[in-house]
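Peer 1: sequence and computational prediction follow.
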Amino acid sequence: MTLIRSLLSLIALLLPAAALAGTVTSPDGRIVATLDANGEGVPTYSVSFDGEAIIDPSTIGFTFTDADPMRRGFTVVSETTNSHDDIWEQPWGERRFIRDHHNELAVTFRQGDDNAREMTVRMRAFNDGVGFRIEFPEQASMPVANIADELTEFRIASDGEAWSIPAGDWNRYEYLYERTPISALSTVHTPVTMILENGTHISFHEAALVDYSGMWLRRMEGTRLRATLAPSPRGPKVIREGAFHTPWRTIQIADGPSGLFESAMILNLNEPNVLGDVSWFEPHTYLGIWWEMHLDTHSWASGERHGATTERAREIIDFAAENGFRGILIEGWNLGWDGAWFGNGREFSFTEAYPDFDIVEVTDYARERGVRIIGHHETGGNIDVYEAQLEEAMAFYESLGIDAVKSGYVADAGGVIAPDGEGGETFVWHDGQEMVNHHLRVVREAAEHQIAMNPHEPIKDTGLRRTYPNWVSREGARGAEYDAWAVPKNDPGHVPELIFTRMLSGPFDYTPGVFSLEGRGATEPDIPSTLARQLSFYITIYSPIQMVADIPENIAAYPRALDFVQRVGVDWHESLLLDGAVGEFAVIARQVRDSETWFVGGVTDDQQREATFALDFLDEGTQYVATIWEDGEGADGMGDDRHAMNVRTHTVTRGDSLTVQMARAGGFAIEIAPVGE
């Protein structure tokens, strides 16, 4: 029998590749994906769009620390197909209803004869792209998979432009984007977005990252990219026992930027909600004892400049109650901030307060005034200490009525302190398998106490908010805090780049709303932004929790801006890209959930622009009042007059158009409400 199997394997290797090919087509017929094995028995896939190659035949495989590679010598042993079409509802989100319409092909490959190993490649084709994952059955030939790396490649069929941030560097995901040829990429994080020479827009990422290591993309040559997994101190980058599967490797594909922006493929490749009713989470805007620490006028540490005092908390609670803000984030209230906490975190307590902060008094006072405290768990990148206190910390917050927590992992990449399993410490990466599992552990524990999580210095978003809807937002990119102290500040093109890169993965707690437009020690025009641009962020940057980052004194100094953030929605029925270009500008419309009111936001780079857009998304036969917050005459986000802002109103109906001017580093925000509301 062994000889017969060997002959059959040899015959399979000699067959032309086309004899083994299986294909799957998107529901609209525009995207075609093929799974195959070439003449050496190397599993491959390829993708075309409107008959043109997007991904040339690209390998799928693995290397291990203790076994032969899974690269060549495979034969196809079976294939199955399936189709799916339904509509599901988000409990909160950028749109309420999402259609999951895809066709599926699953091909099982077998490698070798005696002690053969198998894997199944499951490919799903949507109208907005493709996703595939590799599934390993429980098999005697591989009871434990010690994965050294993936051999999965993405052979992009042509050159083009790419927007990327580096992977494997010290500052995690917090970099300004670089615009380069695809053929000039190095090793980059995902999402990485590209425009091919023929104008096709694509973005590479992953979905449902569970018990695995995060994927980076490394350019090998030309436009050939290869997956590489975030490192681990254990040797293998991933260790899995029994049956398991990889995350989905995703390629979003569209004619233009709107197809990327409006894609729901990442969410559709995640499992449905496992938490059930999460109506206890309420999308909201919030203030904080936070920006003053970045300005260095107050401190996280104890002492004369300590920011998180009972007195200061009561002042901000009063301001929140008077102005309609639900939440107050308070950082630096707990023991552990004194000394070298960055990348250390060994002294943090998550239940003990500094003497000048009475957390029970503060939470009681906030509750009386209709305000909720947002908890804070900064770990200093020490998950060993955090996990030892996790259950107690969440129960403590629940007892105080705190239902949302911002967590933090401030440590250099590769410097997260984790238990080594033998009573000691080891150091892991923010996006390695250890941290992937840690974040889910925290989210699940938080859900037990009806607490929503918003991690900073996080693992990247891969759509798991669908499965765990209490994972409401996160950082994972260069946010507004860099405008306080960084050199350089966030450049004017940063947000128009984020919208089509990082934001494709999910909500971003950018912490907008710096109305003063001044960072630390500013003596001249500082933050490159107009005041109207700050307002645009509440529409163009999606998160179900939105901070107004500036200190209350500065917020109150700009009453027209305050009026807008009191009115803007945070939970949406629909979201549309009306116009835009990657890295240059975007005009976005969002409809408030359970309302007929829409908001439109526009943001530009360092170029002055005129935005004209039709109001075809409005209901027929209804009159609306459009209130427009826009850059005023002479406004210049890169010059002296950054606060010039006009507020005007118009009566509009479906079929009308609006034209709004955007200054350099400028923007606009519009509320469109039915007459009488």
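Peer 2: Now that the structure is in, tell me what you want to look at. Since we're looking at a predicted model, the values are computed, not measured. Numbering: from 1, shown residues only.
Peer 1: please make it C-alpha for all contacts and neighbour counts, starting now.
Peer 2: OK.
Peer 1: look up how far residue 212 lies from the closest residue in space to residue 425 that isn't next to it in sequence.
Peer 2: Excluding its sequence neighbours, the residue lying closest to residue 425 (CA to CA, 6 or more residues apart in numbering) is residue 419, at 4.7 Å. Remark: distance between residue 419 and residue 212 (CA to CA, to the nearest Å) = 18 Å.
Peer 1: higher neighbour count, the two?
Peer 2: Using other CA atoms under 10 Å, the more surrounded residue of residue 419 and residue 212 is residue 212, with 25 against 17.
Peer 1: and residue 367, that's in a strand?
Peer 2: No. Under the criterion used here (DSSP: H, G, I helix; E, B strand; the rest coil), residue 367 is helix, not part of a strand.
Peer 1: how close does it sit to residue 318?
Peer 2: Counting by CA to CA, the gap from residue 367 to residue 318 is 11 Å.
Peer 1: and residue 174, by the same measure?
Peer 2: Taking CA to CA, one finds residue 174 at 34 Å from residue 318.
Peer 1: what does residue 562 give?
Peer 2: 15 Å.
Peer 1: and for residue 265, the neighbour number?
Peer 2: 29.
Peer 1: shouldn't it be in contact with residue 129?
Peer 2: Yes. Between residue 265 and residue 129 a contact is recorded at 7.2 Å, counting by CA atoms under 8 Å.
Peer 1: shared neighbours of those two, anything?
Peer 2: Common contacts of residue 265 and residue 129, defined by CA atoms under 8 Å, 6 or more residues apart in numbering, comprise residue 252.
Peer 1: so if we follow the domain assignment, how does the chain break up?
Peer 2: Under automatic domain parsing, the residue ranges defining each domain of the chain are 2-268, 478-507+516-540+569-677.
Peer 1: ranges for the strands of the stretch 201-350 of the chain?
Peer 2: 201-207, 215-221, 224-229, 238-241, 244-245, 248-254, 284-289, 327-330 (DSSP state E, counting those that start in this stretch).
Peer 1: in the stretch 501-650 of the chain, which spans are strands?
Peer 2: 545-547, 572-581, 585-592, 598-604, 609-614, 624-631, 645-652.
Peer 1: can you say which of those strands is nearest to residue 94?
Peer 2: strand 572-581 (5.1 Å; CA to CA).
Peer 1: other SSEs contacting the closest one?
Peer 2: Using 3 or more CA pairs under 8 Å, 6 or more residues apart in numbering; DSSP states H and E as the contact test, the elements touching strand 572-581 are helix 257-261, strand 585-592.
Peer 1: hmm, who's touching it?
Peer 2: Residues outside strand 572-581 that contact it (CA under 8 Å, 6+ apart): 92-97, 257-258, 261-262, 496, 586-594, 613.
Peer 1: again, 7 Å this time
Peer 2: 93-96, 257-258, 261-262, 586-593, 613 (CA atoms under 7 Å, 6 or more residues apart in numbering).
Peer 1: give the pairing partners of it; include direction for each.
Peer 2: strand 585-592 (antiparallel) (DSSP bridges).
Peer 1: ok now the strand it pairs with, how far from the chain's centre?
Peer 2: The chain centre lies 18 Å from the centre of strand 585-592; the measure is CA atoms, centre = their mean, to the nearest Å.
Peer 1: run a quick neighbour tally on the nearest residue in space to residue 462 that is not next to it in sequence.
Peer 2: Nearest residue to residue 462, sequence neighbours excluded (CA to CA, 6+ apart): residue 207, at 4.5 Å. For residue 207, the count of nearby residues is 24 (other CA under 10 Å).
Peer 1: need the contact list for residue 207.
Peer 2: Counting by CA under 7 Å, 6+ apart, residue 207 has contacts 247, 248, 249, 250, 266, 269, 270, 462, 463.
Peer 1: one more: residue 111?
Peer 2: 73, 74, 75, 117, 118.
Peer 1: let's see which of these end up in strands.
Peer 2: In this view, these that belong to strands under DSSP state E are 74, 75, 117, 118.
Peer 1: could you export those residues as a markdown table, including pLDDT, neighbour count and distance to residue 408?
Peer 2: Below are the ones in strands among the contacts of residue 111 laid out as a markdown table (pLDDT from 0 to 100; neighbours: other CA atoms under 10 Å; distance: CA to CA, whole Å):
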| residue | pLDDT | neighbour count | distance to residue 408 |
| --- | --- | --- | --- |
| 74 | 96 | 27 | 44 |
| 75 | 95 | 26 | 47 |
| 117 | 96 | 19 | 41 |
| 118 | 97 | 22 | 40 |
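Peer 1: can I get these in TSV including distance to residue 303?
Peer 2: Formatted as TSV, the ones in strands among the contacts of residue 111 follow (distance: CA to CA, whole Å):
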residue	distance to residue 303
74	66
75	68
117	62
118	62
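Peer 1: hey, where'd the strands end up in the stretch 1-150 of the chain?
Peer 2: Using DSSP E, counting those that start in this stretch, strands in the stretch 1-150 of the chain cover 22-25, 31-37, 43-49, 52-59, 62-64, 74-89, 97-111, 117-126, 129-136, 144-150.
Peer 1: let me have these in a markdown table, adding distance to residue 476 as columns.
Peer 2: Conversion of those to a markdown table gives the following (distance: least, CA to CA, whole Å):
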| stretch | distance to residue 476 |
| --- | --- |
| strand 22-25 | 33 |
| strand 31-37 | 31 |
| strand 43-49 | 29 |
| strand 52-59 | 28 |
| strand 62-64 | 28 |
| strand 74-89 | 26 |
| strand 97-111 | 25 |
| strand 117-126 | 27 |
| strand 129-136 | 22 |
| strand 144-150 | 23 |
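Peer 1: nearest to residue 492, of those strands?
Peer 2: strand 129-136 (29.7 Å).
Peer 1: just checking, what packs against the closest one?
Peer 2: With contacts defined as 3 or more CA pairs under 7 Å, 6 or more residues apart in numbering; DSSP states H and E, the packing partners of strand 129-136 are strand 117-126, strand 244-245, strand 248-254.
Peer 1: give me the angle between the first one and strand 248-254.
Peer 2: It stands for strand 117-126. 30 degrees (axes from the mean of the first three to the mean of the last three CA atoms, to 10 degrees).
Peer 1: contacts for strand 117-126, please.
Peer 2: Under CA under 7 Å, 6+ apart, the answer for strand 117-126 is 24-27, 101-111, 130-137, 141.
Peer 1: again with stretch 474-489
Peer 2: So stretch 474-489 is contacted by 173-176, 294-295, 454-458, 460, 490, 507-512, 519-520, 527 (CA under 7 Å, 6+ apart).
Peer 1: span of it from start to end?
Peer 2: Per CA to CA, stretch 474-489 runs 21 Å from first to last residue.
Peer 1: now that stretch: buried residues?
Peer 2: If you call a residue buried by 16 or more other CA atoms under 10 Å, then stretch 474-489 has these buried ones: 474-485, 489.
Peer 1: with stretch 645-658 instead?
Peer 2: 645, 652, 653, 654.
Peer 1: now the second one. Nearest residue, chain neighbours left out?
Peer 2: Counting by CA to CA, 6+ apart, residue 624 is the residue found nearest to residue 652 once chain neighbours are left out, at 5.2 Å.
Peer 1: quick check: longest helix in the chain by residues?
Peer 2: helix 383-400 (DSSP state H).
Peer 1: and it, what does it pack against?
Peer 2: Contacts defined by 3+ CA pairs under 7 Å, 6+ apart place helix 383-400 against strand 416-419.
Peer 1: can you list contacts of the strand it packs on?
Peer 2: Residues from elsewhere that reach strand 416-419 (CA under 7 Å, 6+ apart): 343, 381, 382, 383, 384, 425, 426, 427, 428, 429, 430.
Peer 1: then stretch 27-38?
Peer 2: Here stretch 27-38 makes contact (CA under 7 Å, 6+ apart) with 17, 20-26, 43-50, 75, 102-103, 126-127.
Peer 1: ChimeraX command to pick out the buried ones of the residues you listed?
Peer 2: To isolate the buried members of these in ChimeraX, using 16+ other CA under 10 Å:
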select :20,21,22,23,24,25,26,43,44,45,46,47,48,49,75,102,103,126,127
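Peer 1: avg pLDDT for the longest helix of the chain?
Peer 2: The pLDDT scores in helix 383-400 average 98.
Peer 1: report the contact partners of residue 176.
Peer 2: 165, 478, 494.
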